[in-house]
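> Okay, predicted coordinates and the sequence, questions at the end:
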Amino acid sequence: MINNREDDDAPDRRRLYRMLGLAGLLAVPLVIIWWPGCRQYPPVSSRESLSLMKLLYAACNTRDEKRLANVENGVENLTREGKMTPEERAGFERIIKMARAGKWEDAEKAAFKFAQDQVGQGKGK
């Protein structure tokens, strides 16, 4: 009886191909989320930053100068307390600057994108 070595390896090879295909499918969403063009804002480093982000969106959505001032004060306080990274601060300041320039709609969209970029981030911090 002739034993063909390729036939013996076929089930292992198929299993390997299936695993590689599954790994590829799982990698696609991660690449989309972490691709530099898709992710514009850094992850927040504290629950306080996350709350401040919500307030920022509300301020931009309602075009509320008072809320925007509260966000600015919050950014200052969190930075001083070491609860906000320089990258986070820059993200907040960029959006605040848009709102201060009267570009409320752009600021609202940017604040929403900032929040979207937090998906899967900041848990337990």
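Yes, it's here. Numbering: from 1, shown residues only.
> from here on, contacts and neighbour counts on C-alpha atoms
Will do.
> what secondary structure does the residue lying closest to residue 118 once chain neighbours are set aside sit in?
Distances taken as C-alpha to C-alpha, 6 or more residues apart in numbering put residue 43 closest to residue 118, at 5.7 Å, once the chain neighbours are dropped. Here residue 43 is recorded as coil under DSSP: H, G, I helix; E, B strand; the rest coil.
> Report pLDDT for residue 43.
Listed pLDDT for residue 43 reads 79.
> And residue 120, by the same measure?
Here, the pLDDT recorded for residue 120 equals 50.
> Then residue 54?
93.
> what about it, neighbour count?
For residue 54, the neighbour count with other C-alpha atoms under 10 Å is 16.
> heads up, I number from 26, so please use that
Happy to do that; since the first residue is 26 now, the last one works out to residue 79.
> need the contact list for it.
Residues in contact with residue 79 (C-alpha atoms under 8 Å, 6 or more residues apart in numbering) are residue 140.
> can you tell me the helix or strand for it?
helix 72-87 (DSSP states H and E).
> same for the next helix or strand after that helix, what does it pack against?
Once the chain leaves helix 72-87, the next helix or strand it forms, by DSSP H and E, is helix 90-105. With contacts defined as 3 or more C-alpha pairs under 8 Å, 6 or more residues apart in numbering; DSSP states H and E, helix 90-105 has these neighbours: helix 72-87, helix 111-125.
> Next, the buried residues of stretch 70-80.
Within stretch 70-80, the residues that count as buried by 16 or more other C-alpha atoms under 10 Å are 70, 71, 73, 74, 75, 77, 78, 79, 80.
> CSV for the residues you listed, including distance to residue 141?
Formatted as CSV, the entries for those read as follows, by distance: C-alpha to C-alpha, whole Å:
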residue, distance to residue 141
70, 15
71, 16
73, 17
74, 14
75, 11
77, 14
78, 11
79, 11
80, 15
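> Show me the domain layout of the chain.
Domain assignment for the chain by automatic domain parsing gives 26-64, 72-141.
> Looking at those domains, which one is packed in the most?
The highest average neighbour count among those, using mean count of other C-alpha atoms under 10 Å, belongs to domain 72-141 at a mean of 18.
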